[in-house]
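Enquirer: Pasting a predicted model and its sequence here:
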Amino acid sequence: MAGRIPQTFINELLARVDIVDVIERRIDLRKKGKNYSACCPFHNEKTPSFSVSPDKQFFYCFGCGISGNALTFIMEYEGQEFVASIEDLAQTMGMEVPRESYSGPDMSLHQHLYPLMDKVSAFYQQQLKNQKIAESAVNYLKNRGLNGKIAKRYAIGYAPNEWQNLLMLKSKSDKSDTHNFEQDMIDSGMMIKNEKGHTYDRFRDRIMFPIRNRRGQTIGFGGRIIDQGEPKYLNSPETKLFHKGRELYGLYEMRKELRNIKQIIIVEGYMDVVALAQYGIFNATATLGTATSSEHLQTLFRMCSRIVFCFDGDKAGKAAAIRAIQNALPLLRDAREVRIMFLPDGEDPDTMVRKIGAESFNKNVDEAATLFDFLLNHLTAQVDMNTFEGPARLVHLAKPFTQEIADPILKTRFDQRLASLAGLSEQQFSDATRTNESLSQHNHPNKISRNESVRNIDENSGGLNDKTVKPIKIQGKAPFRRAIALLLQNPDALPGANIDWIGKLEEPGAIVFSALAQLIEQNESITTGILIEHWRDKPEEKHLKVLALKDLIISKQQMPAELADILSRLEKEMIVDQCDLLITKSKTQPLSKEEKTSLNSLLQAMSNRG
């Protein structure tokens, strides 16, 4: 359906759901005082550090730092995108998701392709059951050790060796459908039109692996040739439904089979994923003929904190590992972990698991080298540290990697290890690797430097409608930070007195406070979770979360009085500041009629306040 989801609906949805119910359906919660606690589902721990607040409608983990409202929890736990999570949450509440019209491209124009792709998948599965035409495909799958149960689970099918198999589906389509069948087949990537205007099937005489999105809808296919020929694997092209750089094969099946995913194995091909599943290893996924991108990794990190790359042990496998490391380094933080596993020469996950069994294979996965251990070994293996030039060469090789590490603690530890290996002090190593820092910032304009990221940890940012990448700092008057924290933790603390004066301030903290106040005035029964939702994916979000969880060392009942006192003091400061500005200006130039009136009003206000 076209259009964006109205913010008012998201507010209503979050107001109607109970975060405790949402989370309790997925993990075991125990009452602890006024809140609920559990072992965090997003990182491994033995002592519960995951807390859910019914009052704030907000969750927080003191171990890994993840936090948010009910919608955030579904996104992270289910590994879903924002819109899909809203739709799932709305469905549980029996609510229909409305859409606002907008002038952008109408995505509903392509919604009819989803059922069409599901029909194509069902057709291929049916063909695999036809012994006359699919004998070679069935024999191939049997020789690879696959049974009918696993083939059904992954909806594996067969594309017969004919040029226009899919035209058979045309007669079965809805007669009232106004869409052009052949054009739909071309748009979905399933058929090709040649220069003469003739259409033919893209996939012929191949075993078909449907690629499904996180909602189980078929969006593309991967076809493997049965005998000799090139290409061995043929993937769907980029379409309105299918984008190789975003999707992962087997992710839907993994989420359907496993609830608590502790780690995810990234393998190379479709058969590797299916073969591991045959042996009960369902936590494997594969990229679709592309290198593992940052977007892939972000998707997987929403599902679990540990990712293990499984590569062939040859030269190509080592090169793929380095590319994966370069994409992973900027994303590592908190409890996130990446490991690298190499298979013996000539082996792949399919052959390996059949040779050593699931238990031994899983043990190898658990014992895989950490990303940083592998990277250090990779770098030192390229230089002779016994030569005069060796240590210097090591520093130069390390530069592209150390500059990609965003987490300050990981960067410090990695730099310390490299400095020690190179026989340098930390300062010398830092000076040596800083020479290219400006170039790195130029190549990654959206990347915040390490020093800036550390500096911004305790800062807030302002501007409700700001969409820039770089955070806007809220330093200004410290009372505004306290005022924002009080209002976030207790929206009922908003005073009844007129606070329109706050919106006139250019102070960034005032901008955020004023926006919060407007939201509270416009929405009854608003919660902390709903308030923060308005800043989702904006620079202010992480700072507001920090303030929402800050220990204010006062009771909820005391918050309105303190907030009123803070605002009273801030208003007085504002009046004094504006008076000073006008009086100072009057000493150098005449004031306008409006300025004189304003000054008199300000002086009267100061007199009334005493």
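Expert: Yes, it's here.
Enquirer: And the strands in the stretch 201-350 of the chain?
Expert: Along the stretch 201-350 of the chain, counting by DSSP state E, counting those that start in this stretch, strands occupy 206-212, 218-225, 233-235, 264-267, 284-286, 306-312, 337-343.
Enquirer: between the longest one and strand 206-212, what angle do the directions make?
Expert: Note on geometry: by axes from the mean of the first three to the mean of the last three C-alpha atoms, to 10 degrees, strand 218-225 and strand 206-212 are set 150 degrees apart in direction.
Enquirer: And strand 218-225, what does it pack against?
Expert: Other elements packing on strand 218-225 under the criterion 3 or more C-beta pairs under 8 Å, 6 or more residues apart in numbering; DSSP states H and E are helix 113-128, strand 206-212, strand 233-235, helix 270-278. Using the backbone N, CA and C atoms, a C-beta is placed for each residue, glycine as well.
Enquirer: now these as TSV including mean neighbour count?
Expert: TSV is the format used below for the helices and strands packed on strand 218-225 (neighbours: other C-beta atoms under 10 Å):
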stretch	mean neighbour count
helix 113-128	19
strand 206-212	25
strand 233-235	20
helix 270-278	24
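Enquirer: which one of these has the lowest average pLDDT?
Expert: For the helices and strands packed on strand 218-225, the bottom mean pLDDT is recorded on strand 233-235, which sits at a mean of 91.
Enquirer: can you list contacts of that one?
Expert: 202-203, 206, 220-225, 244, 269-270, 288-289 (C-beta atoms under 8 Å, 6 or more residues apart in numbering).
Enquirer: What is the nearest of those residues to E238?
Expert: Distance to E238 across the contacts of strand 233-235 (C-beta to C-beta) is lowest for K244, with 6.6 Å.
Enquirer: so how far is G145 from that closest one?
Expert: 28 Å (C-beta to C-beta, to the nearest Å).
Enquirer: Show me which of these two is the more surrounded one.
Expert: Between K244 and G145, counting by other C-beta atoms under 10 Å, K244 is the more crowded of the two (18 against 15).
Enquirer: could you list every residue that touches the more buried one?
Expert: 235, 238, 287-290.
Enquirer: go with 10 Å
Expert: If a contact means C-beta atoms under 10 Å, 6 or more residues apart in numbering, then K244 has 211, 220, 235-238, 287-290, 293, 296 as its contacts.
Enquirer: Now, of those residues, which are buried?
Expert: The neighbour count (16 or more other C-beta atoms under 10 Å) marks 211, 220, 235-236, 287-288, 293, 296 as buried among the contacts of K244.
Enquirer: In CSV, list the residues you listed along with distance to E541.
Expert: Compiled in CSV, these are given as follows (distance: C-beta to C-beta, whole Å):
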residue, distance to E541
I211, 32
G220, 33
N235, 36
S236, 35
T287, 29
L288, 31
S293, 24
H296, 23
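Enquirer: Among those, which one sits closest to E195?
Expert: For these, the nearest to E195 is S236 (21.5 Å; C-beta to C-beta).
Enquirer: possible to save the contacts of strand 233-235 as CSV with distance to W535?
Expert: Listed next are the contacts of strand 233-235 as CSV, based on distance: C-beta to C-beta, whole Å:
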residue, distance to W535
R202, 44
F203, 45
R206, 48
G220, 35
F221, 40
G222, 39
G223, 44
R224, 46
I225, 50
K244, 32
G269, 41
Y270, 40
L288, 34
G289, 37
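Enquirer: R339: which of these is nearest?
Expert: Nearest member of these to R339, counting by C-beta to C-beta, is G269, at 19.9 Å.
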